[in-house]
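K.L.:
one predicted model, sequence on top.
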Amino acid sequence: MKVEMIALIFFCLGGVLVVTARAVDNSPADDVQHLGRRYAESTIASDISKIMDSMVQKNFVNFLLNQREKKSMPATMPEDPEVHIFNDLLTKDFTMWVHSKGDRSKSQ
């Protein structure tokens, strides 16, 4: 993407240099060609503007997606051994509680 941007910049600068060089040699016969060149240059500038806008839009969407992924990440990492121990204790307590509730319903 950076290479495309640099190529577009060089392309525009080259066009500007050609236009300024030909503007010095301003003869009446070249007026028609000059208008054609101006039209072509404005179309190129418009195309470059559209390309730049689409690149900015894609970058913005990627930025928003990355921010969303960062927000959805858990605060504690599951690789932490203390978290594993705590989770194991909670699951054991919960399963014991569920089994104890099941035993009571059978006895009644």
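P.N.:
Yep, that arrived.
K.L.:
select the longest helix from this structure.
P.N.:
Identified as the longest helix of the chain according to DSSP state H is helix 31-72.
K.L.:
where's residue 83, which helix or strand?
P.N.:
Using DSSP states H and E, residue 83 maps to helix 81-107.
K.L.:
report the buried residues of that helix.
P.N.:
Across helix 81-107, burial judged by 16 or more other C-beta atoms under 10 Å covers no residue at all. C-beta: built from backbone N, CA, C; applies to glycine.
K.L.:
next one: residue 34 from residue 41, what distance?
P.N.:
10 Å (C-beta to C-beta, to the nearest Å).
K.L.:
now do residue 54
P.N.:
Counting by C-beta to C-beta - residue 54 and residue 41 are separated by 21 Å.
K.L.:
these two: who's more crowded?
P.N.:
residue 41 (15 against 10; other C-beta atoms under 10 Å).
K.L.:
tell me how far that one lies from residue 9.
P.N.:
15 Å.
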